[in-house]
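Engineer: This is a predicted model, with the sequence first.
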Amino acid sequence: MKFLPLFEEYPQLQGHIPWKNLGDFPTSVRRLKMLGEHVGVNEFYVKEDDRSSKIYGGNKVRKLEFLLGEALERKAGTVITVGAVGSNHVLATAIFAKQLGIKTIAVLVDQPVAAYVKRNLLLDLYFDAKLVYSPSMYTAPFTVAFKYITSSLQGWPYYMPLGGSNRLGCLGFVNAGFELKRQVEAGILPEPDYLFAAAGTLGTVAGLCLGCKLSGLRTKVVGVRVAGRKMCNARKWAGLVNSASELLCTADSKIPRVKISAGDVLLLNDYVGKGYARFTEQGVEAFSLMKRLEGITLDGTYTGKALAGALEYMDNYGLEDEVVLFWNTYNSVSLSHLAEKVHRKHLPRSFQKYFERPVQTLDPES
């Protein structure tokens, strides 16, 4: 069996919780020596989830192991999901679903233009995702999806939420908490006092929060908000933790029940800038600093902003004597050569405008 500490800790979950092996775990941890010296934090580490799969890395793989596992269990031939036009979640879903013989329908909403947006659209096409444009994240996607499903599919597909962040998807990062505990026990890194990660749809930070509590780590998970407050807030974070805990306890009554409130989580709200996927000077500076000192590539939408928040928090609250872990949720597997194999003319007309508009001036890839 693949390395899955959650199931090894609670064997009764096997057979009750769907799961499919997709990633390469555990992901490595390494010390950020140069960056740590630069900011005055000696024990500064990175969890390299950018290498979660040789096919396509990042934080989505952990969630998809459970979500696509359930899709397979339900014998769904199609998954439908929602995301922004440049969504990494949509792309990851298309890649791994195709690997499993499952079709992907993606309902995409508008976002600011960036180099990665164009690349991801072409890659969605390469991996045979059916793309449907919608003007709204909150109402139209479901209407568009329903019309598309009822007119062109037989049977009901598996629905995957925005970012893969429901209580089942969270289990990928509950497992990651146990994975981290084993790496601490193995002496790979000291027990972190603080763990910083990007917070968008909240599945990553909620799962890590629950995973750390269940595994016995005293680590404080700090989310850096990179999306709007309606989607990303402390109340939703706590609710997702409690819901994932309920799911685990239903599957195995021996698992301790965890219940938290909004006041129990730490969400940094000052780094999203003018909105989701709008690059900030602070985020791009953090991106450049990590690249120059450690050779690690981040992105401007999620991890650059997350690192900016982490660095400022460390400075403001004097964490020089603490153990700090930055969770890199960005994919580092280059798929540009595949994007070059398809042409934008094959995209639906609604998406052509993203190739005609200029990218943002702060785009770190421009």
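Structural biologist: Ah, there it is. Numbering: from 1, shown residues only.

Engineer: Please look at residue 113 and residue 357 and confirm they touch.
Structural biologist: Yes - counting by CB atoms under 8 Å, residue 113 does reach residue 357; the two are 4.7 Å apart. No exception for glycine: its C-beta is placed from N, CA and C like everyone else's.

Engineer: who has more neighbours, the two?
Structural biologist: Legend: neighbour count by other CB atoms under 10 Å for residue 113 and residue 357, higher for residue 113 (20 against 11).

Engineer: Give me the phi and psi angles of that one.
Structural biologist: Note on residue 113: backbone dihedrals following degrees, to the nearest 10 are phi -80, psi 140.

Engineer: That one and residue 227, how far apart?
Structural biologist: Residue 113 sits at a distance of 18 Å from residue 227 (criterion: CB to CB, to the nearest Å).

Engineer: Report the contact partners of the nearest residue to residue 175 once chain neighbours are set aside.
Structural biologist: Using CB to CB, 6 or more residues apart in numbering and skipping the chain neighbours, the partner closest in space to residue 175 is residue 6 (4.0 Å). Contact analysis of residue 6 by CB atoms under 8 Å, 6 or more residues apart in numbering lists 13, 171, 174-175, 178, 211.

Engineer: In helices, which of those residues appear?
Structural biologist: 171, 174-175, 178, 211 (DSSP state H).

Engineer: I'd like these as CSV, with neighbour count, pLDDT and distance to residue 238 appended.
Structural biologist: Putting the ones in helices among the contacts of residue 6 into CSV (neighbours: other CB atoms under 10 Å; pLDDT from 0 to 100; distance: CB to CB, whole Å) gives the following:
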residue, neighbour count, pLDDT, distance to residue 238
171, 29, 98, 17
174, 30, 98, 15
175, 27, 98, 20
178, 23, 98, 21
211, 28, 98, 15
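
Engineer: which pair in those spans the largest distance?
Structural biologist: 171 and 178 (10.6 Å; CB to CB).

Engineer: okay, which residue is most central for this protein?
Structural biologist: Centroid check for the chain by CA atoms, centre = their mean gives residue 59 as the closest residue, at 3.9 Å.

Engineer: Now stretch 124-136: buried residues?
Structural biologist: Neighbour counts over stretch 124-136 (16 or more other CB atoms under 10 Å) mark 124-127, 129-134 as buried.

Engineer: ok, residue 219 - how many residues close by?
Structural biologist: Using other CB under 10 Å: residue 219 sits among 22 other residues.

Engineer: do residue 324 as well
Structural biologist: 25.

Engineer: Give me the three-state assignment for it.
Structural biologist: strand (DSSP: H, G, I helix; E, B strand; the rest coil).

Engineer: what pairs with it across the strands?
Structural biologist: residue 44, residue 194 (DSSP bridges).

Engineer: what's the distance between it and residue 51?
Structural biologist: 20 Å.

Engineer: ok, now residue 7?
Structural biologist: From residue 7 to residue 51 the distance is 22 Å (CB to CB).

Engineer: ok so, going back, any chance of the contacts of residue 6 in a markdown table, plus distance to residue 35?
Structural biologist: Shown next, in a markdown table, are those (distance: CB to CB, whole Å):
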| residue | distance to residue 35 |
| --- | --- |
| 13 | 37 |
| 171 | 31 |
| 174 | 28 |
| 175 | 27 |
| 178 | 27 |
| 211 | 25 |
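
Engineer: farthest-separated two in those?
Structural biologist: Across those, the two lying at the largest distance from each other (CB to CB) are 13 and 211, at 13.4 Å.

Engineer: mind checking how far the spatially closest residue to residue 282 that is not a sequence neighbour is from residue 277?
Structural biologist: Of all residues not flanking residue 282 in the chain, residue 308 sits nearest, at 4.3 Å (CB to CB, 6+ apart). Here residue 308 is placed at a distance of 15 Å from residue 277 (CB to CB).

Engineer: Could you do residue 27 as well?
Structural biologist: 25 Å.

Engineer: how would you label residue 221: helix, strand or coil?
Structural biologist: strand.

Engineer: What's the per-residue pLDDT of it here?
Structural biologist: Looking at residue 221, its pLDDT is 98.

Engineer: show me the contacts for it.
Structural biologist: Taking CB under 8 Å, 6+ apart as the test, what residue 221 contacts is 195, 197, 205, 208-209, 212, 265-266.

Engineer: Could you rerun that using 7 Å?
Structural biologist: Going by CB atoms under 7 Å, 6 or more residues apart in numbering, residue 221 touches 195, 205, 208-209, 212.

Engineer: same deal with residue 203?
Structural biologist: So residue 203 contacts 63, 163-165, 169-170, 173, 240 (CB under 7 Å, 6+ apart).

Engineer: List the ones among these that fall in strands.
Structural biologist: Residues of those located in strands (DSSP state E): none.

Engineer: Pick the one among those closest to residue 222.
Structural biologist: residue 173 (14.4 Å).
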